[in-house]
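Asks: for reference, the sequence and a predicted model appear below.
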Amino acid sequence: MAAATDFDRPLLLTPGQDMLGWITLRVGLTLLQFVALTCVLSVLFIFIFIVKEALPFFTSGQVGEMFSSAEWYPTSDPAAFGVWAMILGSVYVTVGAMVIAVPLGLLAAVFLSDIVPFGIRQVVKPVIELLAAIPSVAYGFFAVLVFAPWLQDNLGVDSGKNILNCSIILAVMAVPTIVSISEDALSAAGRDLREGAYALGATRAEALCMVVIPAAGGGILSGVILGMMRAIGETMLVWMASGNANQIPHPWYDITQSVRTMTATIAGEMGETAKNTTHYHALFAIGLVLLAITFGLNLTSEALMTRGRGRPGTARRKA
């Protein structure tokens, strides 16, 4: 046991030292509360601002056309404000990205947490996470200048700026988020689950598939949802690589066609739109729809994660 003289802080504080410690504690707690309150108020004010600017459009009687039409001609006479094609465009590129990113991200997370040696993991995981630090405009330039011509030359498509291009690059952007969070969840599952499965005669594959992955399901699902939100909220890449064609693909499974997303529409038109016009408020209405979608994804993630918190015990019983 260490002697009392080994500690820098005396065991018996003077009144001045005790008061200084109390003041430091209160100041630290106040600063933390201020930072947390600032974050909450910032999100609240952003939400209020978007609702305030979108409200004139929703009260103009054009909401039915907005969600039932694919015609977007905001500067025509008469104007058309249908966003159905944009919603489907966002769904196309997001689902396409998730089809690629989720299997790759989950396999990479399992590889890092349970297969690769620890020393290699300490090198590989930071390299994967560095992909998230690359600016989206850099991905956009790669998609337009490198990948789009490659698709045209090798697949014979009319335009390399299409759903397939966007989905693949968006998947690359979403993979670091999925890998990082899923790997943390798998590592947090603990050795006891793995050793218990091995003691019952399970192979490594059986232990991973039937015990570890179900136990870490909440964290894995959280990573998938965050990766999906990264894809659906991406702006620069889809603006540059989707082709910006306001159309619904026909046939629906043709992913070599160009589309237009909600984020690309806002980014491309907001800077050239006169303030307080119907067009201006319609763009904020699109932003409110996008905000509602991401809010719904957050609620879904929380609900599924809450339900999944009981799965570790279930996984142990099944093992």
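Replies: Right, received. Where do you want to start?
Asks: helix/strand/coil for Asp158?
Replies: Classification of Asp158 into helix, strand or coil gives coil, according to DSSP: H, G, I helix; E, B strand; the rest coil.
Asks: count of residues packed around it?
Replies: A count of nearby residues for Asp158, using other CB atoms under 10 Å, gives 11. C-beta coordinates here come from the backbone N, C-alpha and C atoms, glycine included.
Asks: contacting residues around it?
Replies: Under the criterion of CB atoms under 8 Å, 6 or more residues apart in numbering, the contact partners of Asp158 comprise Gln152, Thr256.
Asks: just the pLDDT for it.
Replies: Confidence at Asp158, expressed as pLDDT, is 83.
Asks: so how far is Gly105 from it?
Replies: Separation of Asp158 from Gly105 (CB to CB, to the nearest Å) stands at 31 Å.
Asks: His279 now?
Replies: When CB to CB is applied, the distance between His279 and Gly105 equals 39 Å.
Asks: who has more neighbours, these two?
Replies: Looking at His279 and Gly105 with other CB under 10 Å, you find the greater number of neighbours at Gly105, namely 27 against 17.
Asks: how close does the residue nearest to the more buried one when sequence neighbours are not counted get to Tyr92?
Replies: What sits nearest to Gly105 in space, not counting adjacent residues and going by CB to CB, 6 or more residues apart in numbering, is Ile178, at 3.0 Å. Between Ile178 and Tyr92 the distance is 20 Å, computed by CB to CB.
Asks: those two: who's more crowded?
Replies: Between Ile178 and Tyr92, counted using other CB under 10 Å, the more crowded position is Ile178 (29 against 23).
Asks: go through the helix or strand hosting the more buried one and flag the buried ones.
Replies: Following DSSP states H and E, the helix or strand that holds Ile178 is helix 163-188. Under the neighbour-count criterion of 16 or more other CB atoms under 10 Å, helix 163-188 has 163-187 buried.
Asks: just stretch 51-61 next, same as before
Replies: For stretch 51-61, the neighbour count (16+ other CB under 10 Å) marks Glu53, Ala54, Pro56, Phe57, Phe58 as buried.
Asks: likewise for stretch 64-71?
Replies: Within stretch 64-71, the residues scored as buried using 16+ other CB under 10 Å are Met66, Ala70.
Asks: point out where the stretch 51-200 of the chain drops to low pLDDT.
Replies: Scanning the stretch 51-200 of the chain for pLDDT under 70 picks out no residues.
Asks: one more pass at 90, please.
Replies: By pLDDT under 90, the weakly predicted segments of the stretch 51-200 of the chain are 58-82, 112-136, 153-160, 180-181, 183-200.
Asks: which residues of the stretch 1-150 of the chain fall in helices?
Replies: In chain order, the stretch 1-150 of the chain shows helices spanning 15-58, 63-68, 84-110, 118-130, 136-142, 148-155, with DSSP state H, counting those that start in this stretch as the criterion.
Asks: of those, which is nearest Arg204?
Replies: Within these, the stretch nearest Arg204 is helix 84-110; the backing value is 10.2 Å (CB to CB).
Asks: show me which residues of that closest one are buried.
Replies: Within helix 84-110, the residues scored as buried using 16+ other CB under 10 Å are 84-90, 92-94, 96-98, 100-102, 105-106, 108-110.
Asks: quick check: pLDDT value at Gly313.
Replies: You'll see Gly313 listed with a pLDDT of 45.
Asks: quick one: mean pLDDT over stretch 276-289.
Replies: For stretch 276-289, the per-residue pLDDT values average out at 91.
Asks: many thanks, we can stop here.
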